[in-house]
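Participant: build me a model:
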Amino acid sequence: MIRADYIVITAVRDAHVDALYPAIVGQYVSAPKQDRIMQYYGYRGKNNVFVGQSDDRIMIWASGKEADYVARTLRIEDLRQLSVARLDLQITMTCLDADYLIEHIQPSKIYKCTKISSIHEKGTTLYVGSPSSNIRLRVYNKTAEAQIYPDGGGEYVRYELQCRNQYADKAFVALRNNMVRAFYLMILKRMVDTFTFNTVKSAIEASDEELFVDDFPNNKDDPVERKKRWLEQSVFPAMRRMLLEDKDYLDSFIEKLYNSASAEGGTDMY
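Facilitator: This is a model prediction of the structure:
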């Protein structure tokens, strides 16, 4: 599932918006403390959210999973002349070797591209599009960046579409109208090779939910607990999709699971 990972959104201040300001702070800012971003004075929370006001506008800034929550739940009907300065959309998928995968991406030649690689350690990042561009793709080794690993093995790689100005507004509209997949894939298709595009497209279609840093398991946890999370986050969603296609498969699956446990001398399931 594609989710917002970073958002900066502003709206014009008036008496109605000023009256709503305390409620917006209360909804989105956890443990608020006074802070300032540029000309905006307001409150920043420990959950990576800032809500502030300037002389004529209100601004909401958020990153990580809080950005997705803000983007999807903000009551835009209460705001005037809404403008999205930046909105990043991302999907994180598993692979055997994130650096290898990134090294073999073939970006479109119409975009300025930059690749950053570590010499003696893991961690490769590919940028497609210039830093000043209104649309830029960033692909990076999330496992190397955050030191988190999938329970089933391998590494995490993140495909992050950074949208600014008019592209950010379009991305926000797409997200709010359940058309974000079409928007994301339309942009991605013109930025990377066909193989990479199809790999990401398949991952988007197969995934039920996206993982954020806070959702990643602690690799020091008990191995049994990690296996349980792997079942809950990977196997169960796959089973739900299978049952949508073949409702009778559940009985067959339970029978195979029971027979396998019996054959291996496992504990009786009933």
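Participant: and the strands in this structure?
Facilitator: For the chain, strands defined by DSSP state E occupy the ranges 3-12, 33-37, 40-44, 49-53, 57-63, 80-95, 113-117, 124-128, 135-141, 155-164.
Participant: in a markdown table: these, plus mean neighbour count.
Facilitator: The way it works is simple: take the backbone N, C-alpha and C, and place the C-beta from them, glycine included. A markdown table is the format used below for these (neighbours: other CB atoms under 10 Å):
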| stretch | mean neighbour count |
| --- | --- |
| strand 3-12 | 22 |
| strand 33-37 | 12 |
| strand 40-44 | 19 |
| strand 49-53 | 22 |
| strand 57-63 | 22 |
| strand 80-95 | 20 |
| strand 113-117 | 14 |
| strand 124-128 | 21 |
| strand 135-141 | 22 |
| strand 155-164 | 23 |
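Participant: any idea how the protein splits into domains?
Facilitator: Using automatic domain parsing, the domain ranges for the chain come out as 3-214, 217-263.
Participant: including distance to Leu185, could the strands of the chain go into JSON lines?
Facilitator: Shown next, in JSON lines, are these (distance: least, CB to CB, whole Å):
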{"stretch": "strand 3-12", "distance to Leu185": "15"}
{"stretch": "strand 33-37", "distance to Leu185": "32"}
{"stretch": "strand 40-44", "distance to Leu185": "34"}
{"stretch": "strand 49-53", "distance to Leu185": "28"}
{"stretch": "strand 57-63", "distance to Leu185": "23"}
{"stretch": "strand 80-95", "distance to Leu185": "10"}
{"stretch": "strand 113-117", "distance to Leu185": "20"}
{"stretch": "strand 124-128", "distance to Leu185": "15"}
{"stretch": "strand 135-141", "distance to Leu185": "12"}
{"stretch": "strand 155-164", "distance to Leu185": "10"}
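Participant: can you redo the ones you listed as CSV with mean pLDDT and distance to Met191?
Facilitator: Shown next, in CSV, are those (pLDDT from 0 to 100; distance: least, CB to CB, whole Å):
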stretch, mean pLDDT, distance to Met191
strand 3-12, 97, 17
strand 33-37, 95, 30
strand 40-44, 97, 32
strand 49-53, 97, 30
strand 57-63, 97, 23
strand 80-95, 95, 13
strand 113-117, 95, 9
strand 124-128, 97, 5
strand 135-141, 97, 5
strand 155-164, 97, 9
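Participant: among those strands, which is nearest Tyr149?
Facilitator: Closest approach to Tyr149 among the strands of the chain (CB to CB): strand 155-164, 6.8 Å.
Participant: the closest one to strand 135-141, inter-axis angle?
Facilitator: 160 degrees (axes from the mean of the first three to the mean of the last three CA atoms, to 10 degrees).
Participant: most tightly packed of the domains of the chain?
Facilitator: Of all the domains of the chain, domain 3-214 has the most neighbours on average by mean count of other CB atoms under 10 Å, namely a mean of 17.
Participant: show me where the stretch 151-270 of the chain has helices.
Facilitator: 165-176, 180-189, 194-206, 223-230, 236-245, 249-263 (DSSP state H, counting those that start in this stretch).
Participant: can you pull the contacts of Phe50?
Facilitator: 29, 35, 37, 40, 42-44, 59-62 (CB atoms under 8 Å, 6 or more residues apart in numbering).
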